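Peer 1: got a predicted structure plus its sequence, pasted below:
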Amino acid sequence: MTAPTFDLTKRIGTRVAAGAVLSVAGAFGIASLTPAAHADTKPAQPANTVHVAAVSKADTKGAEGAAAGASSGKAGASAQDVIKLARTQVGTHEDASGNSKFNDWYVDSSLGQLNAHRIGAKSASVYKGQSWCDMFVSWLGQNTGAKGMGADAYTVSHAQWFKKTGRFGQTAKPGAVVFFAWNGGGIKGIDHVGIVVKDNHDGTINTIEGNTGNAVKEKVRDTSTVAGYGYPEYR
């Protein structure tokens, strides 16, 4: 049965990671990496549209949960460990081709290789130059040893994985993975992802996000744009 195709551009900004469609969340129990939005505000419809084959339920069933606890083998991490590492990356930019150090890491990781294999790509190099907001989140989890953070390249799948494992909600917490849907629509409408630094208790949150204006940036976001939060298993 041929998998249907759909337009992921709206969810990933101006570039779409072909492999992002297949969430490594399924392969590693990791929540899918949410696609990064290039715009700091509600993005306009990009000019270049990429269509990618959707993953059928049969492709991911059974793989769900394997990646969930994927980590670097460390004894877990705290929310502050993740936030501290994220802060060291603020200002990191992608290059002129749209590629970042986080793309390079994902391409060389077993996560990227697995995802590429599952979508039928010859190699994980398909992730070069693609939207990397969720790759950034995955990088944070893997490099701190945070458990249950997920490691995908597609934000919707990442959020779905958190929900399936019972760790998805509407309360902002430091270190939580925050999923944004600029146009609403719940999980299916998710466009972007980042890490919560602080809940300001005034309808805004402080965050650190990758692939925001082509860089890692600290932002203040209105919670009205949040589709939900994924909660890693911090120590």
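Peer 2: Noted; the coordinates are in hand. Note that the coordinates shown come from a computational prediction; the quantities given were computed from them, not determined experimentally.

Peer 1: for this protein, which segments count as strands?
Peer 2: Applying DSSP state E to the chain gives strands spanning 5-7, 51-53, 168-169, 177-180, 192-199, 204-212, 215-222, 226-230.

Peer 1: which of those strands sits most buried?
Peer 2: Ranked by mean neighbour count, these are led by strand 177-180 with a mean of 28 (mean count of other C-beta atoms under 10 Å). For the C-beta atoms, the positions are set from N, CA and C on the backbone; glycine is no exception.

Peer 1: for that one, list the C-alpha coordinates in PDB.
Peer 2: The C-alpha trace of strand 177-180 is given here as PDB (Å, rounded to 0.1, in the frame of the first residue of the first chain):
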ATOM      1  CA  VAL A 177       9.700  20.300  26.000                       C
ATOM      2  CA  VAL A 178       7.300  22.900  24.700                       C
ATOM      3  CA  PHE A 179       5.400  22.400  21.400                       C
ATOM      4  CA  PHE A 180       4.100  25.400  19.500                       C
END
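
Peer 1: helices or strands next to it in the packing?
Peer 2: helix 155-164, strand 192-199, strand 226-230 (3 or more C-beta pairs under 8 Å, 6 or more residues apart in numbering; DSSP states H and E).

Peer 1: pLDDT below threshold where in this protein?
Peer 2: Within the chain, the segments meeting pLDDT under 70 span 1-74.

Peer 1: now the helices and strands packed on strand 177-180 as TSV including distance to Ala176?
Peer 2: As requested, the helices and strands packed on strand 177-180 are exported to TSV (distance: least, C-beta to C-beta, whole Å):
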stretch	distance to Ala176
helix 155-164	10
strand 192-199	4
strand 226-230	4
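
Peer 1: by how many degrees do the longest helix seen in the chain and strand 192-199 diverge?
Peer 2: Secondary structure of the chain per DSSP state H: the longest helix is helix 133-144. Relative orientation of helix 133-144 and strand 192-199, computed by axes from the mean of the first three to the mean of the last three C-alpha atoms, to 10 degrees: 60 degrees.

Peer 1: what's the angle between helix 133-144 and helix 155-164?
Peer 2: 50 degrees.

Peer 1: helix 133-144 to strand 226-230, inter-axis angle?
Peer 2: 20 degrees.

Peer 1: hey, C-alpha coordinates of stretch 85-102 in CSV?
Peer 2: Output in CSV follows, covering the C-alpha atoms of stretch 85-102 (Å, rounded to 0.1, in the frame of the first residue of the first chain):
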residue,chain,number,x,y,z
LEU,A,85,23.5,23.1,28.3
ALA,A,86,20.9,24.9,26.2
ARG,A,87,22.2,28.3,27.3
THR,A,88,25.7,27.4,26.1
GLN,A,89,24.3,27.0,22.6
VAL,A,90,22.5,30.4,22.4
GLY,A,91,23.8,32.3,19.4
THR,A,92,24.8,29.1,17.5
HIS,A,93,23.8,29.7,13.9
GLU,A,94,23.2,27.6,10.9
ASP,A,95,25.4,28.1,7.9
ALA,A,96,24.5,29.6,4.5
SER,A,97,23.2,26.2,3.3
GLY,A,98,20.8,26.0,6.3
ASN,A,99,22.8,23.3,8.0
SER,A,100,23.8,23.4,11.7
LYS,A,101,25.9,21.4,14.1
PHE,A,102,22.7,19.8,15.2
